[in-house]
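Colleague: Quick check, what structure comes out for this input:
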Amino acid sequence: MHSVVCIKQVPDSAQIRVHPVTNTIMRQGVPAIVNPYDLFALEEALRLKDQLGGTVTVLSMGPPMAEAALRKCLAFGADDAILVSDRAFAGSDTLATSFALAATIRKIQENMPVDLIFTGKQTIDGDTAQVGPGIAKRLDFQLLTYVSKIVAVSPAEKRITVERRAEGGVQVLETRLPCLITMLEGTNEMRFGDMADLFRAARTPVKVWDREAAGIDDPGSVGLKGSPTVVSKVFAPKPRAKRAEIVETADNDPVGLAVTLLAKVFTQHPKLDRELTKTVG
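Modeller: Numbering: from 1, shown residues only. The predicted model follows:
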């Protein structure tokens with residue numbers, strides 16, 4: 001069983017600021033971390049490795065500094081790490097990123113077939129949730145999104161059964177391998193790396209592939225040339241000038257609170273009473 005986990009090094013969103021004049025994200029001085037959603041994907045791949053054996057490869061596209069994120073994944077128990085890094089990738093949007101990662105996975109498959117690809121449901125810096133499905137489409141893999149639990153995997157039968165979080169409930173889905181899974185947050189808890197993995201992570205060389213090594217012949221398919229998406233503006237939401245109003249009654253009885261709240265709503269929105277009356281009538 002060979003699993004490839006796509007991870008991304010992202011700026012810590014808790015410390016990101018927006019420039020007041022240019023309305024662009026200020027990344028200077030902001031620490032870089034492994035995308036938190038990707039850690040749920042990595043842990044799930046490691047659990048499958050514990051159950052069924054096999055290999056876990058972590059893959060990332062980014063600048064040379066992203067090597068630190070891959071080494072962290074090696075310290076958790078991943079077996080191999082590949083960093084796809086080239087100036088040609090600068091400015092890639094989700095379309096160009098999925099193209100580059102899919103090409104890299106095809107290159108990986110030349111030496112070892114890939115049974116499963118794991119990604120987080122999205123990244124905290126882009127929040128598009130498009131790269132995982134884009135990779136699956138380009139590789140013609142089955143796609144399972146927002147997976148909350150892997151129920152069963154049969155490498156011999158090339159089948160997998162999962163639970164998927166859906167609006168209004170949980171779906172139980174079965175499909176064939178190979179497939180790509182985007183893991184939902186809160187589905188597991190990231191393990192602590194043991195001492196052997198920590199030492200191995202420090203010693204293991206991270207493979208760095210440029211555009212050609214990743215099997216990308218056309219530079220126009222990646223970077224700005226391969227990215228039709230244009231971000232015109234990034235801005236922080238304006239703070240509300242009006243503060244929330246606290247509604248209280250003498251004894252804070254739930255029924256009394258409800259009546260008081262409804263009376264206040266109808267007083268502030270007189271048209272609402274007439275509209276509701278028409279709807280009921």
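
Colleague: could you give the mean pLDDT of stretch 159-168?
Modeller: Across stretch 159-168, pLDDT averages out at 92.

Colleague: Dump it to PDB, restricted to CA.
Modeller: C-alpha atoms of stretch 159-168 as PDB (Å, rounded to 0.1, in the frame of the first residue of the first chain):
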ATOM      1  CA  ARG A 159     -11.700  -1.400  -2.800                       C
ATOM      2  CA  ILE A 160     -12.100   1.200  -0.100                       C
ATOM      3  CA  THR A 161     -15.100   2.100   2.100                       C
ATOM      4  CA  VAL A 162     -15.400   5.500   3.900                       C
ATOM      5  CA  GLU A 163     -17.800   7.700   5.700                       C
ATOM      6  CA  ARG A 164     -18.300  11.100   4.200                       C
ATOM      7  CA  ARG A 165     -19.700  14.100   6.100                       C
ATOM      8  CA  ALA A 166     -22.600  15.500   4.000                       C
ATOM      9  CA  GLU A 167     -25.300  18.100   4.600                       C
ATOM     10  CA  GLY A 168     -27.900  16.500   6.800                       C
END
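
Colleague: so how far is that stretch from its chain's centroid?
Modeller: 17 Å (C-alpha atoms, centre = their mean, to the nearest Å).

Colleague: and if you look at stretch 114-126?
Modeller: Centre to centre, stretch against its chain (C-alpha atoms, centre = their mean), the figure for stretch 114-126 is 5 Å.

Colleague: quick one: average pLDDT of that stretch?
Modeller: 91.

Colleague: Mind listing what's buried along that stretch?
Modeller: If you call a residue buried by 16 or more other C-beta atoms under 10 Å, then stretch 114-126 has these buried ones: 114-125. (C-beta placed from N, C-alpha, C; glycine too.)

Colleague: Just put those in TSV and tack on distance to residue 79.
Modeller: Shown next, in TSV, are the buried residues of stretch 114-126 (distance: C-beta to C-beta, whole Å):
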residue	distance to residue 79
114	13
115	14
116	14
117	15
118	14
119	18
120	20
121	24
122	26
123	23
124	26
125	27
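
Colleague: Which two among those are spaced furthest apart?
Modeller: 115 and 125 (28.9 Å; C-beta to C-beta).

Colleague: Distance to residue 221 and secondary structure added to the buried residues of stretch 114-126, as TSV?
Modeller: Listed next are the buried residues of stretch 114-126 as TSV, based on distance: C-beta to C-beta, whole Å; DSSP: H, G, I helix; E, B strand; the rest coil:
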residue	distance to residue 221	secondary structure
114	21	coil
115	26	coil
116	25	strand
117	20	strand
118	24	strand
119	20	strand
120	24	strand
121	26	coil
122	23	coil
123	21	coil
124	26	coil
125	22	coil
